[in-house]
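Trainee: A structural model of the following input is requested.
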Amino acid sequence: MAIDPASLTVRDNADQKRFEVRVGEHIAIAEYLHSGDRIIFSHTAVPAALQGQGIGDALIHGALEQVKARNLGVVAMCPFVAAYVAKHPEYAPLLRPW
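Mentor: Numbers count the residues shown, from 1 in each chain. Presented below is the predicted three-dimensional model:
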């Protein structure tokens, strides 16, 4: 199944404290906690059927754009989020210490 990551919609599911992308029956997620003026990303999961197609990057990109629009900082406890920010230095100003 070929997927265009640019066509995906990242949704903030605040009730479940996660950003998510739905592709067919699959959901990729980036779990978080909201603490004051920070979003603490704790875990990212992409179903095996979606891995290697840029879904995780699209998810984190969309999540960080939403966080930036809300003028919140980011604590990247999740290694995937930390690695994404390291590869995309335009998001480094969002990083905050825990």
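
Trainee: output the below-cut-off pLDDT ranges for the protein.
Mentor: Counting by pLDDT under 70, the ranges of the chain that qualify are 1-2.

Trainee: ok, residues contacting the longest helix belonging to it?
Mentor: Across the chain, the longest stretch assigned as helix under DSSP state H is helix 55-69. Helix 55-69 is contacted from outside by 3, 5-6, 8-10, 12, 19-21, 23, 28-30, 32, 39, 41, 44, 46, 73-74, 80-81, 84-85, 88, 91, 94, using Cβ atoms under 8 Å, 6 or more residues apart in numbering. All C-beta atoms are positioned from the backbone trio N, CA, C, and that covers glycine.

Trainee: go again using 6 Å as the cut-off
Mentor: Around helix 55-69, the neighbours that count as contacts under Cβ atoms under 6 Å, 6 or more residues apart in numbering are 5, 8, 10, 12, 19, 21, 28, 30, 39, 46, 74, 81, 84, 91.

Trainee: packing partners of the helix or strand just after it?
Mentor: Beyond helix 55-69 on the C-terminal side, the first helix or strand identified by DSSP states H and E is strand 73-76. Contacts of strand 73-76 with other secondary structure elements, assessed using 3 or more Cβ pairs under 6 Å, 6 or more residues apart in numbering; DSSP states H and E, are made with strand 38-45.

Trainee: what pairs with the strand it packs on, parallel or antiparallel?
Mentor: strand 26-35 (antiparallel), strand 73-76 (parallel) (DSSP bridges).

Trainee: pick out whichever of the contacts of helix 55-69 sits closest to Gly54.
Mentor: Of all the contacts of helix 55-69, the one sitting nearest Gly54 is Pro5; the distance, using Cβ to Cβ, is 3.9 Å.

Trainee: contacting residues around that closest one?
Mentor: Pro5 makes contact with Gly54, Ala58 under the criterion Cβ under 6 Å, 6+ apart.

Trainee: can you do 8 Å?
Mentor: Contact partners of Pro5, counting by Cβ under 8 Å, 6+ apart, are Gln53, Gly54, Ile55, Asp57, Ala58.
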